[in-house]
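Engineer: Below is the sequence, then the predicted model.
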Amino acid sequence: MIPTLLGVTVIVFIIINLAPGSPIEKKIQQMRFGGMDSHNTDMGGGGRDSGVSDEVIAALKKQYGFDKPLHIRYFIWLKNLIKLDFGESFIHEEDVIDVIISKFPVSLQFGLISLFMSYLVCIFLGVYKAIRHGSVFDILSSFALFVMYSIPGFMLAIILIVYFAGGSFLDWFPIGGLVSDHYDDLSFLEKVWDRIHHFILPLICYMIGSFTILTMLMKNSLLDEIKKDYIRTARAKGLSEKVVYLKHALRNALIPIVTGLGSFLSVFFAGSLLLETIFQLDGMGLLGFQSVLERDYNVIMGLIFIQSLLMLLGNLISDLAYVIVDPRIDFK
């Protein structure tokens, strides 16, 4: 995990520093045009081309650490990382960790709820589809699932807004933010309902992609298990179908599902640029996109490092969960 994590940070650090544009150019643009965008600024062009003196440019480079070679800057970042110091955001002008934490509520809430709802519904639905394999319910539900899977989340968001959020037909749901403007004046139960009311449409769009995959994976995994010899032996002993499916086959069928269980750590940084833009949510997806546009290197590196760390820890948890589900698995 450690070499992988270091490799990710090295590659990302090199890419973002070699890409055109830099925080220095952004600052010079702000000094020249009062914050207006310009693509004609040359960081190395000096005062004659940029309208900013060489001394000011040199001071900016020193302030942001760009007066040092690339590898030196990386090792400085790595040394600060040991102290959990991701530096300061060039755009927000505050600590990177504070910027990231400020976006936590949106991504964390949608990530946790979508993960919980997906596993809660999809495992039971997949098991029931496997038990009723080939029935009318199985065929119709599979058709509905694949129709859902074929619709991109952002496209579904637009459709839901048009039809159910005051677009052209019904006006049942709000489309902006997590709460209403008068949220603080509501009672406790009214606040709970207000959040649920704002959550429904974005949550559907967050879940639609993984919902179909998880359900069909559960169904197919269980169908594979019930074809094996030990299931035939259990039936030959006179056990009921309920016991055969739920006691003997289900535990082994859960092994492929456990593969994605470690992803629960990534829900802390779940985000979708398109969905957050459409539903006016200020989350991780929008923060990452804006950081790339604004060349906010420290925020980009902070997001990449934390997301990579959570992904690797999630993979480790998935491996450990294999052993819990099936003690026959041994990684030695």
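Structural biologist: Sure, I can see it. Remember, it's a predicted structure, so these values are computed and weren't measured experimentally.

Engineer: helices or strands up against the helix or strand hosting residue 155?
Structural biologist: Using DSSP states H and E, residue 155 sits in helix 153-164. Helices and strands touching helix 153-164, by 3 or more Cβ pairs under 8 Å, 6 or more residues apart in numbering; DSSP states H and E, are helix 188-225, helix 273-278. In this view, the C-beta of every residue, glycine as well, is placed from N, C-alpha and C.

Engineer: give me the number of residues near the closest residue to residue 133 other than its chain neighbours?
Structural biologist: Counting by Cβ to Cβ, 6 or more residues apart in numbering, residue 223 is the residue found nearest to residue 133 once chain neighbours are left out, at 6.3 Å. Close neighbours of residue 223, defined as other Cβ atoms under 10 Å, add up to 16.

Engineer: Now do the contacts for the closest residue to residue 209 other than its chain neighbours.
Structural biologist: Excluding the flanking residues, the one nearest residue 209 by Cβ to Cβ, 6+ apart is residue 153, at 6.1 Å. Taking Cβ atoms under 8 Å, 6 or more residues apart in numbering, we find residue 153 in contact with 205-206, 208-209, 272, 274-275.

Engineer: Report the distance from the host helix or strand of residue 306 to the chain centre.
Structural biologist: Per DSSP H and E: residue 306 is located in helix 297-325. From the chain centre to the centre of helix 297-325 is a distance of 12 Å (Cα atoms, centre = their mean, to the nearest Å).

Engineer: now do stretch 53-71
Structural biologist: Relative to its chain's centre, stretch 53-71 lies at 34 Å (Cα atoms, centre = their mean).

Engineer: And that stretch, end to end?
Structural biologist: 27 Å (Cα to Cα, to the nearest Å).

Engineer: Now it: buried residues?
Structural biologist: Using 16 or more other Cβ atoms under 10 Å as the test for burial, stretch 53-71 gives 57, 60-61, 64, 66.

Engineer: Farthest pair within those?
Structural biologist: The most widely separated members of the buried residues of stretch 53-71, counting by Cβ to Cβ, are 57 and 64 (11.1 Å).

Engineer: Now do the shared contacts for those two.
Structural biologist: Overlap of the contact sets of residue 57 and residue 64 (by Cβ under 8 Å, 6+ apart) consists of residue 24.

Engineer: about what we covered before: now do the same for the residue nearest to residue 133: its pLDDT.
Structural biologist: The score at residue 223 is 89. That number is its pLDDT.

Engineer: what's the helix holding residue 306 packed up against?
Structural biologist: When contacts are defined as 3+ Cβ pairs under 8 Å, 6+ apart, helix 297-325 packs onto helix 2-18, helix 96-102, helix 255-258, helix 284-293.
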